[in-house]
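[1] I would like the atomic coordinates for the input below:
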Amino acid sequence: MIQPSGRVGRPRSEEAREAVLHAVDDLLLEVGYAAMTMKAIAERAGVGRQTVYRWWSTKAEILFEASVADAEDELAVPPADDARAEIIAYLDALVRFLTVSAAGAAYRTLLAAAQHDPAVKALIASKDVLGDSARTVLDRVGAGPGRSVARLVGPPFFWIMTGRDPAELDTAALAAEFLG
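    Below is the predicted model:
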């Protein structure tokens, strides 16, 4: 869980926190980021606006916390018997995250917002969700020099973020090229 810095006061109610995190995901899919408000998030979660503002300053902070928590779960792949299988499993998880996951939709939305909002840019830079998950896999498979996170994550990320059909993305070929 990402704790906003400098916040003091009563501890969070885990039930209220979870309700807010679910509400922000639901609203993102229903109304989009631009139309989402802190008031709507509070109403959907069944909590007061003061509760939401006590823990988060912006809708981007809420969306980021929800996305990071889910991404860490969705991008965690179990160790495999060989490096190629583990890389393929990771790339498949990455593609699912970026294309069908609510957390992935939130992450993509925040990346777009970060292009013109310095506060969202700083928020995104505070936790490298994709890099952290990729480094875990790379460390486990013993990927050596030149086997960087960018080389692993970059091709599927670019493919998806530029609107190409994810069904045409061959993760086995990407894994073979990466390890080649």
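[2] Relative to Val129, how far out is Glu61?
    15 Å (CB to CB, to the nearest Å). Every residue, glycine included, has its C-beta placed from N, CA and C.
[3] Neighbour count for the two, which is higher?
    Ranked by neighbour count (other CB atoms under 10 Å), Glu61 and Val129 place Val129 first, with 21 against 18.
[4] who's in contact with the more buried one?
    Counting by CB atoms under 8 Å, 6 or more residues apart in numbering, Val129 touches 67-68, 71-72, 75, 107.
[5] export those residues to JSON lines and tack on distance to Arg17, neighbour count and pLDDT?
    Converted to JSON lines, the contacts of Val129 look like this (distance: CB to CB, whole Å; neighbours: other CB atoms under 10 Å; pLDDT from 0 to 100):
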{"residue": "Ser67", "distance to Arg17": "15", "neighbour count": "30", "pLDDT": "94"}
{"residue": "Val68", "distance to Arg17": "14", "neighbour count": "20", "pLDDT": "94"}
{"residue": "Ala71", "distance to Arg17": "17", "neighbour count": "24", "pLDDT": "95"}
{"residue": "Glu72", "distance to Arg17": "16", "neighbour count": "15", "pLDDT": "94"}
{"residue": "Leu75", "distance to Arg17": "22", "neighbour count": "23", "pLDDT": "97"}
{"residue": "Tyr107", "distance to Arg17": "19", "neighbour count": "23", "pLDDT": "95"}
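[6] Which ones among those residues map onto helices?
    In helices, defined here by DSSP state H, the members of the contacts of Val129 are 67-68, 71-72, 107.
[7] Turn the residues you listed into TSV, columns for distance to Ala23.
    Below are the ones in helices among the contacts of Val129 laid out as TSV (distance: CB to CB, whole Å):
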residue	distance to Ala23
Ser67	14
Val68	16
Ala71	18
Glu72	20
Tyr107	17
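[8] of all these, which two lie farthest apart?
    Glu72 and Tyr107 (11.6 Å; CB to CB).
[9] is it true that Val31 touches Thr37?
    No. Val31 is not in contact with Thr37 according to CB atoms under 8 Å; the separation is 9.1 Å.
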